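Chemist: this one's sequence-less:
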């Protein structure tokens, strides 16, 4: 095995810690009473053909770490739970829904059983590949950081639970508090298979930063309620978390700052304007517009529920059909002798027509959303506001499932949402004196850089250490362009933009 194997295995150790999978106790050597340490390879018959499966098992000081590689699916170093029971061996890669159940052969050189991916179950024999000298070097390598439980007490005595990653070594290390976007998020800001804050925590810890991330109020192990958490309350919670970080051993109390995403970026700036000033602030996709203006202009104000509305699905289908028909007509014109200029003129006309239709639709959406938000903002009785909003949604989106209408109406009328409608991020910016990085993706449809970045920069004009960076091809969730995503089980899995990570790293490391 080549020495290039060292770095992937070190990365595997870090990945296991990053996603909450620590080295498992290796007790109970029941499967033929032999250690599993080594590389196990086999092929299973997927729907698309044979696929190689590679499981690497590391056993060290009574602990065990297993990672999975499936090259055909572009899966690398996926953390795996390993269970030994009597003569049986179980490998469970829960993140990618792939599992092995089998037994070890008498000679210890094979694991014979079945491989389950989703609902597909196929026979699989894993062949033992031994332990190389390079792998033995990996076994004694220290993990890049330690992840420990954190508990911060808010000013109103609510407990906020989370995870603190601290690099190995004596320190003192600079520290980062991560803040999530609007809504109720766990400490990883988990959305499907994507974990923005969990991924950033792992990346920054590898770069030498201690990183704290917390469950939002009312989420996970944190107390309180996300529905009543105002922007000011979130800023107060951030201030308490900064104070907590400054008391932790091996952390540099003079270099404790905040990286906030979306509303979390605005919360970070609000906290920076208070007395307990952070050493730095990174605001990724933060709003420069008042809350009501920003939300009314978003393409989908209601979040994920609206994506199930068949009216909107039909509109998008018609849009694609019109684009296809224009291409067909252009090909017909070409066959009938039209020149390039005539064809391009026709296509320009069709594009202009579609652009005007899109603008008309977006204008109508903006007016509808603004009217609903005005109702929420101006109606003192939440129950009455919820009833009116429900009726307005049903009129505009008659095919939206009733359960989604009710869920959305409740979200729009929570105290937290209503508070954000009156939030203006600009008045306190003149008090922000620490270095600030404003980070925006060029494909951000929720909080586009124009006009939000320009408004924030104007408010920060007295701050000579305020910087703006735009990231091409990156969306609001800081995801890389889709052609850079990994594929799992034939489906693309979103990744944090490498450029976003590197810009963040370089800026933080460049601070004095």
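Modeler: On my side now, so go ahead. Just so it is clear, the model here is predicted, and its values are computed rather than measured. Residues are numbered from 1 along each chain as shown.

Chemist: where are the low-confidence patches of the stretch 151-300 of the chain?
Modeler: By pLDDT under 70, the weakly predicted segments of the stretch 151-300 of the chain are 276, 299-300.

Chemist: tell me the centre residue of the chain?
Modeler: By C-alpha atoms, centre = their mean, the chain has its centre lying nearest to residue 196, at 2.4 Å.

Chemist: For that residue, give its distance to residue 208.
Modeler: 21 Å (C-beta to C-beta, to the nearest Å). (Glycine included, C-beta is placed from N, CA and C.)

Chemist: Break this structure into its domains for me.
Modeler: As given by automatic domain parsing, the domain ranges for the chain are 3-139, 145-290+423-509, 299-399.

Chemist: Dump the ones you listed to a markdown table, plus distance to residue 406.
Modeler: Listed next are the domains of the chain as a markdown table, based on distance: least, C-beta to C-beta, whole Å:
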| stretch | distance to residue 406 |
| --- | --- |
| domain 3-139 | 30 |
| domain 145-290+423-509 | 15 |
| domain 299-399 | 7 |
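
Chemist: looking at those, which is buried most?
Modeler: Greatest average neighbour count among those goes to domain 145-290+423-509 (a mean of 20), per mean count of other C-beta atoms under 10 Å.

Chemist: And the strands in the stretch 151-300 of the chain, which stretches?
Modeler: Using DSSP state E, counting those that start in this stretch, the strands of the stretch 151-300 of the chain run over residues 159-167, 173-179, 190-191, 194-195, 210-214, 251-261, 281-284.

Chemist: The second one - contacts with which helices or strands?
Modeler: The one in question is strand 173-179. Under the contact definition 3 or more C-beta pairs under 8 Å, 6 or more residues apart in numbering; DSSP states H and E, strand 173-179 sits against helix 196-206, strand 210-214, helix 231-246, strand 251-261, helix 263-272.

Chemist: okay, those in a markdown table with distance to residue 352 next?
Modeler: Below are these laid out as a markdown table (distance: least, C-beta to C-beta, whole Å):
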| stretch | distance to residue 352 |
| --- | --- |
| helix 196-206 | 37 |
| strand 210-214 | 47 |
| helix 231-246 | 41 |
| strand 251-261 | 36 |
| helix 263-272 | 36 |
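
Chemist: Out of the ones you listed, flag the one nearest residue 484.
Modeler: helix 196-206 (14.0 Å; C-beta to C-beta).

Chemist: Just want the angle from that closest one to strand 251-261.
Modeler: Here the directions of helix 196-206 and strand 251-261 differ by 150 degrees (axes from the mean of the first three to the mean of the last three C-alpha atoms, to 10 degrees).

Chemist: Just name whatever secondary elements helix 196-206 is in contact with.
Modeler: helix 6-18, strand 159-167, strand 173-179, strand 210-214, strand 251-261, helix 498-509.

Chemist: so the residue nearest to the centre of the chain sits right up against residue 480, yeah?
Modeler: No: Residue 196 is not in contact with residue 480 according to C-beta atoms under 8 Å; the separation is 11.9 Å.

Chemist: between those two, what contacts are shared?
Modeler: residue 496 (C-beta atoms under 8 Å, 6 or more residues apart in numbering).

Chemist: hang on, the earlier thing: closest one to residue 407 among the domains of the chain?
Modeler: In terms of C-beta to C-beta, the element of those nearest to residue 407 is domain 299-399, at 6.0 Å.

Chemist: in the sheet, who's paired with residue 479?
Modeler: residue 496 (DSSP bridges).

Chemist: For stretch 408-420, which residues meet the burial criterion?
Modeler: Neighbour counts using 16 or more other C-beta atoms under 10 Å place 408, 409, 411, 412, 413, 414, 416, 417, 418, 419, 420 of stretch 408-420 among the buried residues.

Chemist: How much space separates the fifth one from residue 237?
Modeler: The one in question is residue 413. From residue 413 to residue 237 the distance is 23 Å (C-beta to C-beta).

Chemist: Contact partners for residue 233?
Modeler: residue 217.

Chemist: Make residue 1 into 52 and carry on from there
Modeler: New numbering, starting at 52: the last item is residue 284.

Chemist: separation between it and residue 394?
Modeler: 59 Å.

Chemist: what's the answer for residue 475, then?
Modeler: 50 Å.

Chemist: With residue 461 instead?
Modeler: Distance from residue 461 to residue 394, by C-beta to C-beta: 52 Å.

Chemist: is residue 310 in a bridge, and if so with what?
Modeler: residue 229, residue 333.

Chemist: likewise residue 242?
Modeler: Bridge pairing for residue 242 - DSSP bridges - gives residue 245.

Chemist: pretty sure residue 497 contacts residue 491?
Modeler: No: with contact defined as C-beta under 8 Å, residue 497 does not count as touching residue 491 (10.7 Å).

Chemist: residues shared between the contacts of the two?
Modeler: The contact sets of residue 497 and residue 491 overlap at residue 336 (C-beta under 8 Å, 6+ apart).

Chemist: Fine by me, thanks again.
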